[in-house]
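Undergrad: just the structure for this:
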Amino acid sequence: MNHRDPSEPDNVDTSRVHEVLQAETGGRALKGPESVLLFIVPVMWSLFQLWIASPLPYILEIGVFNSTEARSIHLAFAIFLAYTAFPMIRGRHEQHIPWFDWLLALAGSFSAAYLFLFYDELSSRPGAPILQDLIVALGGLLLLLEATRRALGLPLTVVAAVFIFYSLAGPWMPDVIAHKGASLSKLASHQWLGTEGVFGVALGVSTSFVFLFVLFGALLEKAGAGNYFIKVAYALLGHMRGGPAKAAVVSSGLSGIISGSSIANVVTTGTFTIPLMKRVGFPASKAGAVEVAASTNGQLTPPIMGAAAFLMVEYVGISYLEVIKHAILPAMISYIALLFIVHVEACKLGMKGIERLNRPTLAQRMLTWVILLIGLIVLTLAVYYGIGWVKTVFGETAVWILGPLLLIAYIGLVAYASRFPPLKLDDASADMTVLPEVGPTVKTGLYFLLPVVVLVWCLTVERFSPQLSAFWATMFMVFIVLTQRPLLAFFRKQGSLLTSVRNGGSELMHSLATGGRNMVGIGVATATAGIVVGTVTLTGIGLVMTEFVEFISGGNLLLMLVFTALISLLLGMGLPTTANYIVVSTLMAPVIVTLGAENGLLVPLIAVHLFVFYFGILADDTPPVGLAAYAAAAISGADPIRTGIQGFAYDIRTAVLPFMFIFNTQLLLIGLTGVFDLVVTIASAVVAILAFSAATQGYWLTRSYKWESALLLLIAFTLFRPGFWWDQVYPEFESRPGAELLEQVPVVADMPHTDSIIVQASGMSLTGEERATWMKLPLEGADNGQEWLSNVGVELRQEDDAMVVEFVEFGGPAAEAGLDFDWTINKVRVPQERPPRELVFIPALALLVLIGWLQLRRRPGEPGEAHGGRAAT
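TA: Take a look at the predicted model:
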């Protein structure tokens, strides 16, 4: 039986939705020539980005821009649109652009374009700016801060202003963070006239490929892919218990893959999913919270994650394919857990699914799933090995074969889709009493998957850069937007072909404009966050932060991680995810890696960056300022604070994952030894996250007693971190004196799945203090100790029980690992032979089965509810 509170409104408060979307789309509703200009400028920006990403400038040898020039033009567009699309004071000048905003827009875009316009002159006087340079640089910084305030609000502006003040006022700061200070000339030159500050890595990533991925998402949405994903999710899952909420999770996940913005995701999918969840029995706050939790997790989901994920490519120094590989398992189990939480909520409320037309029998459903699974496997193998065979046989000319095959596949899928009725946009205020049929719904938009296939293929098989991969996927999407309507009209023999062509062209232009407008916030955010990065390199505060955080945490890595998570959540309440990631990762990632190594835990840099990334995204639903929660509340009519709290309660499962993968990097698919190890890791992670979700929700097969929830938490911890218990019984390493290093090198090298040796070294740090840290040294070609020394580029001498570094080859493996001249190697870690740690899963799973058996025994009559306080609610 469905439960619904009649006092809860079904109507959507469009004014509140518009308010929370201002940071995404702009605050002005213009008419006349001004609106035309604000349509043309983002279209020109999109065309510029497509031009610099394409091979054409190099083929035609015209319009070639180096990275600094491209960043300069990119920021000029962003600042111009920030001043013309957002009013100075909210609520004023929303119908027109006053003269002073035109002036500020032109001045700001000129300051940003200064590096492009005067590139040769600036390169001839590096570090020696003239008065004109200083005026433009200082004015540009001020104009950028105001553009950021308009587009993103005060928080990021205040953070950047504080860092600028810190750069200038270093000598007057407290001793723990004091530095020699910087002059105005040095500040301006460092932050604006070079590539260390505003025009640094962050803006470079925004310029090179973030824009293209945002444009790719805008094209997909305009083509109808967003509506298609929603309909498919409802057709597949709507018949289940709490089906609309489960469909909301899946559709938001699919939409998140193409949008990368949790707020836009909430509004685009939530406008339909939230009212429908309410009508089948979900309270308003929980309906909004489900949408928020699903939408925020969309940025975690490969292949197109949030913009901050692309920054990892530059900051961590790995390919985007590697980022996808490390992020995929946590994203997958996080969504599985959210589906389970929704199921639990539906069970608590006694819900049923929505009736499906032509309801199939159990045998028919099983046959459908088997055929679908086999079809996907066959299709995957055919595409992977078929295209692989074509490339092997035809080499560079394979593109002239694969291109026509892709075109044929597209035309064939469009022709197939034309046999079925087109999907209509549903009325969110109308009841959904019957679900659409699965087959026809899925078949109407299969061609929408082709651009994603192209993108993934370019990234994973061709190993193209993210920029080039996004370019080809986007160009294919442009082709789809232009041709899908004419082709459908032709195959259906309905409508005018000329009208369809015009509609396709109109949709393309509007997609280009939407992509440009959606990039304004990201463009100014990455530029402003560059001020923070520039301050770190200008003042050396990074080294100071290590000492400061070590003092606060007492050297305890877990406390340091909690401290970092709180900073991310706090800053994320006011900063967009991308800016939050840049600020926190710049300050905290090196600190965690350094202090972790000093305490014996060698944390991969990608794990730390993903840790910061996760908590930056979770801030979108963290009260009291979670914008995604405000967007969902505007649709559901619930209190935004309650929606945010409920959304964060659902997202606890996501919040615990970063702590787990810091201590167990196998969750990031790091250190796996084979297929069996991969299967065990995936299976244990799925069971662990389900057990954790059941514990936090107080419900599994029925309502849980508190002691059952406590045991489920213990089981989840054991499955996530089996090494914690196993190391107590069977230590993973034995510490040997540093003097035995050369003897232990061939011993460790002969052990299976070992490519490095771990040593503890101590010496003088850059701050002049003695420090000890653990580090990994590679073991390639380590047949004997002396040969290994030559390979890693180091010379040692023995002193008592330690080895002293006499020489380190510059740029060699030892120097890269952090070893320095006159340092001492005190200890060597030697891996121990021990039973596999996964054996600890046996008692954990046995305990899980026992709890399940106990819950099943009392499930039919639900006697657990009769115990009042003993049962969790």
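
Undergrad: all helices of the stretch 701-850 of the chain, in order?
TA: For the stretch 701-850 of the chain, the helices defined by DSSP state H, counting those that start in this stretch occupy 706-720, 722-729, 741-749, 785-792, 813-817, 841-858.

Undergrad: and of the ones you listed, who's closest to residue 827?
TA: In this view, these are compared for proximity to residue 827 by Cβ to Cβ, and helix 741-749 is the closest at 9.2 Å. Every C-beta, even on glycine, is put in place using the N, C-alpha and C of the backbone.

Undergrad: centre of the chain to that closest one, how far?
TA: 40 Å (Cα atoms, centre = their mean, to the nearest Å).

Undergrad: helices or strands up against that helix?
TA: Using 3 or more Cβ pairs under 8 Å, 6 or more residues apart in numbering; DSSP states H and E as the contact test, the elements touching helix 741-749 are strand 756-764, helix 785-792, strand 824-831.

Undergrad: tell me the angle of that helix relative to strand 824-831?
TA: Orientation check (axes from the mean of the first three to the mean of the last three Cα atoms, to 10 degrees): helix 741-749 against strand 824-831 gives 30 degrees.

Undergrad: average model confidence for helix 741-749?
TA: Helix 741-749 shows a mean pLDDT of 84.

Undergrad: list the buried ones in that helix?
TA: For helix 741-749, a neighbour-count test (16 or more other Cβ atoms under 10 Å) marks 741-742, 744-745, 747-749 as buried.

Undergrad: which residues sit against that helix?
TA: With Cβ atoms under 8 Å, 6 or more residues apart in numbering as the contact definition, helix 741-749 has outside contacts at 736, 754, 757, 759, 779, 782-786, 788-789, 796, 803, 825, 828, 830-831.

Undergrad: where in the stretch 601-750 of the chain is pLDDT low?
TA: 622-627 (pLDDT under 70).

Undergrad: just the terminal-to-terminal distance for stretch 665-685.
TA: 12 Å (Cα to Cα, to the nearest Å).

Undergrad: again with stretch 569-581
TA: 11 Å.

Undergrad: roughly how far is the longest helix along the chain from the heart of the chain?
TA: Across the chain, the longest stretch assigned as helix under DSSP state H is helix 497-539. Computed by Cα atoms, centre = their mean, the separation of helix 497-539 from the middle of its chain amounts to 18 Å.

Undergrad: and that helix, average pLDDT?
TA: For helix 497-539, the per-residue pLDDT averages 88.

Undergrad: which SSE is immediately downstream of that helix?
TA: Using DSSP states H and E, the helix or strand that follows helix 497-539 in sequence is helix 541-553.

Undergrad: that following helix to helix 497-539, inter-axis angle?
TA: 80 degrees.

Undergrad: buried set for the helix or strand that comes right after helix 541-553?
TA: Moving toward the C-terminus from helix 541-553, the next helix or strand (DSSP H and E) is helix 557-572. Residues 557, 560-561, 563-565, 567-572 are the ones in helix 557-572 that count as buried (16+ other Cβ under 10 Å).

Undergrad: can I get those in CSV with distance to residue 464 and pLDDT?
TA: Shown next, in CSV, are the buried residues of helix 557-572 (distance: Cβ to Cβ, whole Å; pLDDT from 0 to 100):
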residue, distance to residue 464, pLDDT
557, 37, 83
560, 37, 86
561, 35, 88
563, 39, 86
564, 33, 86
565, 35, 87
567, 35, 83
568, 31, 82
569, 35, 81
570, 38, 76
571, 34, 77
572, 32, 72
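
Undergrad: what are the ranges of the strands in this protein?
TA: Here the chain has its strands, by DSSP state E, at 355-356, 434-435, 733-737, 756-764, 770-778, 794-799, 802-808, 824-831.

Undergrad: on that earlier part again, so which of the helices of the stretch 701-850 of the chain is nearest residue 346?
TA: Between the helices of the stretch 701-850 of the chain, helix 841-858 lies closest to residue 346; by Cβ to Cβ that is 17.2 Å.

Undergrad: for residue 508, what are its contacts?
TA: 219, 222, 478, 481-482.

Undergrad: worst average pLDDT in the helices and strands packed on helix 741-749?
TA: Among these, helix 785-792 scores lowest, with a mean of 83.

Undergrad: buried residues in it?
TA: When neighbours are counted by 16+ other Cβ under 10 Å, the buried residues of helix 785-792 are found to be 788-789, 791-792.

Undergrad: max pairwise distance over the residues you listed: which two?
TA: Among these, 789 and 791 lie farthest apart (Cβ to Cβ), at 7.3 Å.

Undergrad: if we can go back for a sec, of the contacts of residue 508, which is the nearest to residue 434?
TA: Among the contacts of residue 508, and counting by Cβ to Cβ, the member closest to residue 434 is residue 222, at 28.6 Å.

Undergrad: identify the residue nearest the closest one in space, chain neighbours excluded?
TA: residue 511 (4.3 Å; Cβ to Cβ, 6 or more residues apart in numbering).

Undergrad: list the contacts for residue 65?
TA: Taking Cβ under 8 Å, 6+ apart, one finds 52, 57, 73, 116 in contact with residue 65.

Undergrad: give me that answer again for 10 Å
TA: Contact partners of residue 65, counting by Cβ atoms under 10 Å, 6 or more residues apart in numbering, are 48, 51-52, 57, 71-74, 116, 119, 207.
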